[in-house]
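**Student:** What would the 3D arrangement of this be:
(2 chains)
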Protein chains: 2
Amino acid sequence: MTRSFMKCDKCGGLAVIGMPEHRLNLCADHFLEWVPTMVQRTIERHALLTPQERVLVAVSGGKDSLSLWDILTRLGYQTAGVYINLGITHEGYSDVSEERARAFADAHGLALQVIHLRETYGQGIPELTAARRRDRPCSLCGQVKRHLMNRAAYEGGYAAIATGHNLDDEAAILLQNTLHWQAHYLRRQAPLLPEAHPRLARKVKPLVYLYEREVAAYALVRGLDFVEDECPYAVDAKTIFYKGLLNQLEERSRGAKQAFYREFLRAKEEGLFGADPDAVTSAEEYATCARCGQPTMAGELCAFCRLWEERP
Amino acid sequence: MTRSFMKCDKCGGLAVIGMPEHRLNLCADHFLEWVPTMVQRTIERHALLTPQERVLVAVSGGKDSLSLWDILTRLGYQTAGVYINLGITHEGYSDVSEERARAFADAHGLALQVIHLRETYGQGIPELTAARRRDRPCSLCGQVKRHLMNRAAYEGGYAAIATGHNLDDEAAILLQNTLHWQAHYLRRQAPLLPEAHPRLARKVKPLVYLYEREVAAYALVRGLDFVEDECPYAVDAKTIFYKGLLNQLEERSRGAKQAFYREFLRAKEEGLFGADPDAVTSAEEYATCARCGQPTMAGELCAFCRLWEERP
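**Tutor:** Numbers count the residues shown, from 1 in each chain, chains lettered A, B, ... in the order given. Got it, this is the predicted structure:
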């Protein structure tokens, strides 16, 4: 089989990536230039961030979050990272990831805050999952990360938390929300989730319009040293199944995945989902957790602090 | 490998079908009793029909429409059939289908109106598709069928047109509408589409909660003589691709297909899609086609009558 070489659409040099959904082939230099331009466009279109704001990047050590941090920094945003060591010991997952996050921060002279779950709270995700008698850690882990992230952003005075969700992630989440017609989640799913309370920072997802393979290519071409393994608990996660369905769709109809997500945002802007009766929780509706001071709907202690209580 | 025999959950006899999504195994007699009960429940829940109304069943000669006609008749509804011979000659598709429809009507002493597209209008779907320079006949064919069905219902004084769409059909259509976030179609997709004009009858789909395999089993166990072939033009239709995706979903999570459709209707009832600005076209907004007298939004001639005009 003959392998024909692609040319860069900007300079005619050897292309390193073909992006048929954008009708664009690019060489290494122009690809490294193009990706941040796309991200900047997303940031402006959805008013995610301004250069005057400080943003906390949620770093996992994977390709998405390290690319995000790299791109935001290059675009001139004021970034710092936060890494949550969840204490996942399978093949040293959490410690290896931490090392990658630290190496990136050091190499770029950026600040990285590390929160070590087991050292700080006595249990990592595996023990916590067993103690709370959960079959799978994923929802617990999400809860832990959200809480710690919000606290880190508040305590550090950051305007926003940025996460590395890419188009494939968002489309899979959207498919999942759609298959169950979860109105609340459908109404909230967006590149920007506004600040609901002074202690619950704005959440932004600047990579939502980039395909996973584009982000992976960016990390590789930029030479970022990232953790390639998925979280060991994610192996048979639903999200991976939904990504598989969407990949079949994309294969049949180029650009379908992107259309699914973009059209969703368009339909929402055009009012498809009407007004959300529960959309705006005003800051006054929250109580304050007696232990950590974070806002809570759950009673005297917030859901995170209750995790560490003995079971009744 | 040992094949264990299933017992009927009602009488302990030999089950002919296992329906894990309903946690129900049934013998032939109880299955033939159960299916119409399910359909009756759908009719009542969505107020599709009353026994006082005359309903026109859109008959294709396939398992779904013949089962529908059989069930509605057994439930005591006042039915007649309409068969549209589309002039599809591949393996005699349209003529064989017509024969099956006629045989069913004759065997049950039911009235069947046959409209022969080529004999009446000079062209069948294949010639029409070529003449209108369409790549695929499907949307044209749908338009032709809708028009002729509406006219037949109006001229015969029927209160409603019933079609044999099953759960797999509806879920596939829903997935398609969802992947493109087509607000108008999402708001209209339902077991009942109300009468928009005295000449545009109510459309009802009494089989929407039955899986395709349940309807097929009903046709087989009841001994209906139906056309097994799909329409030759449907072979690589999108709907079949979407059904494949949904089958993977169902295989991974039993009942997921049903949940997707049922939760959609629930979310819609709960107001997820808000009010449709274009939902209600009042009868006065329509013009009247100068040729056929049917209501139209398209100008002097309705879209159907324009099909037979020479191209400009």
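
**Student:** For chain B, give me its nearest residue in the stretch 201-312 of chain A.
**Tutor:** A:Gly274 (2.6 Å; C-beta to the nearest C-beta). Any C-beta I mention is one placed from the backbone N, CA and C, and that applies to glycine too.

**Student:** Tell me the secondary structure at that residue.
**Tutor:** Classification of A:Gly274 by DSSP: H, G, I helix; E, B strand; the rest coil places it in coil.

**Student:** ok, the closest residue to it other than its chain neighbours - contacts?
**Tutor:** Excluding its sequence neighbours, the residue lying closest to A:Gly274 (C-beta to C-beta, 6 or more residues apart in numbering or on different chains) is B:Gly274, at 2.6 Å. B:Gly274 sits next to A:Gly271, A:Leu272, A:Phe273, A:Gly274, A:Ala275 when contact means C-beta atoms under 8 Å, 6 or more residues apart in numbering or on different chains.

**Student:** next one: A:Val35
**Tutor:** A:Val35 neighbours (C-beta under 8 Å, 6+ apart): A:Ser67, A:Ile71, A:Leu210, A:Glu214, A:Val215, A:Tyr218.

**Student:** hmm, 6 Å instead?
**Tutor:** Going by C-beta atoms under 6 Å, 6 or more residues apart in numbering or on different chains, A:Val35 touches A:Tyr218.

**Student:** try A:Glu98
**Tutor:** A:Tyr83, A:Asn85.

**Student:** Against A:Gln113, how distant is it?
**Tutor:** 12 Å (C-beta to C-beta, to the nearest Å).

**Student:** What of A:Ile161?
**Tutor:** Taken as C-beta to C-beta, the span from A:Ile161 to A:Gln113 is 12 Å.

**Student:** and if you look at A:Tyr261?
**Tutor:** A:Tyr261 is 31 Å from A:Gln113, by C-beta to C-beta.

**Student:** okay, these two: which has more neighbours?
**Tutor:** Neighbours per residue, other C-beta atoms under 10 Å in any protein chain shown: of A:Tyr261 and A:Gln113, the larger number sits with A:Tyr261, 25 against 16.

**Student:** and the more buried one, helix, strand or coil?
**Tutor:** Applying three-state DSSP: A:Tyr261 is helix.

**Student:** now it, nearest residue through space, not along the chain?
**Tutor:** Here the residue nearest A:Tyr261, using C-beta to C-beta, 6+ apart, is A:Ala171, at 4.9 Å.

**Student:** before we move on, what about A:Ala283?
**Tutor:** Leaving aside its sequence neighbours, A:Ala283 sits nearest to A:His197 (C-beta to C-beta, 6+ apart; 4.4 Å).

**Student:** pLDDT wise, what is the one you found at?
**Tutor:** Looking at A:His197, its pLDDT stands at 93.

**Student:** correct me, but it touches A:Pro295?
**Tutor:** Yes. Assessed by C-beta atoms under 6 Å, A:His197 is found in contact with A:Pro295 at 4.7 Å.

**Student:** Compare these two (neighbour count), which wins?
**Tutor:** Comparing A:His197 with A:Pro295 by other C-beta under 10 Å, the one with more neighbours is A:Pro295, at 20 against 17.

**Student:** Phi, psi for that one please.
**Tutor:** phi -70, psi 150 (degrees, to the nearest 10).

**Student:** what residues are up against it?
**Tutor:** A:His197, A:Arg199, A:Tyr286.

**Student:** helices or strands up against the helix or strand where A:Tyr242 lies?
**Tutor:** For A:Tyr242, the enclosing helix or strand under DSSP states H and E is helix A:238-252. Judged by 3 or more C-beta pairs under 6 Å, 6 or more residues apart in numbering or on different chains; DSSP states H and E, the packing partners of helix A:238-252 are helix A:167-179, helix A:256-269.

**Student:** Give me the angle between the first one and helix A:238-252.
**Tutor:** What it means is helix A:167-179. Taking axes from the mean of the first three to the mean of the last three C-alpha atoms, to 10 degrees, one finds helix A:167-179 and helix A:238-252 inclined to each other by 110 degrees.

**Student:** helices or strands up against helix A:167-179?
**Tutor:** Using 3+ C-beta pairs under 6 Å, 6+ apart: helix A:167-179 touches helix A:238-252, helix A:256-269.

**Student:** where does the stretch 151-300 of chain A come near chain B, residue by residue?
**Tutor:** Counting by C-beta under 6 Å from any C-beta of the partner chain, the stretch 151-300 of chain A comes close to chain B at A:Thr178, A:Leu179, A:His180, A:Trp181, A:Ala183, A:Leu245, A:Phe260, A:Glu263, A:Phe264, A:Ala267, A:Leu272, A:Gly274.

**Student:** just checking, the fourth one touches B:Glu263?
**Tutor:** Okay, so that is A:Trp181. Yes. Contact status for A:Trp181 versus B:Glu263: in contact at 4.2 Å, counting by C-beta under 6 Å.

**Student:** okay, the residue of the stretch 201-312 of chain A closest to chain B: pLDDT?
**Tutor:** 79.

**Student:** what does the one 5 residues further on give?
**Tutor:** Confidence at A:Ala279, expressed as pLDDT, is 58.

**Student:** Check the gap between A:Arg132 and A:Trp308 for me.
**Tutor:** 10 Å.

**Student:** can you pull the contacts of whichever residue of the stretch 51-200 of chain A sits closest to chain B?
**Tutor:** Per C-beta to the nearest C-beta, the residue of the stretch 51-200 of chain A with the smallest distance to chain B is A:Trp181, at 3.9 Å. A:Trp181 sits next to B:Glu263, B:Phe264, B:Ala267 when contact means C-beta under 6 Å, 6+ apart.

**Student:** Please pick the buried ones from those.
**Tutor:** B:Glu263, B:Phe264, B:Ala267 (16 or more other C-beta atoms under 10 Å in any protein chain shown).

**Student:** near chain A, from these?
**Tutor:** Applying C-beta under 6 Å from any C-beta, the subset of the buried ones among the contacts of A:Trp181 adjacent to chain A comprises B:Glu263, B:Phe264, B:Ala267.
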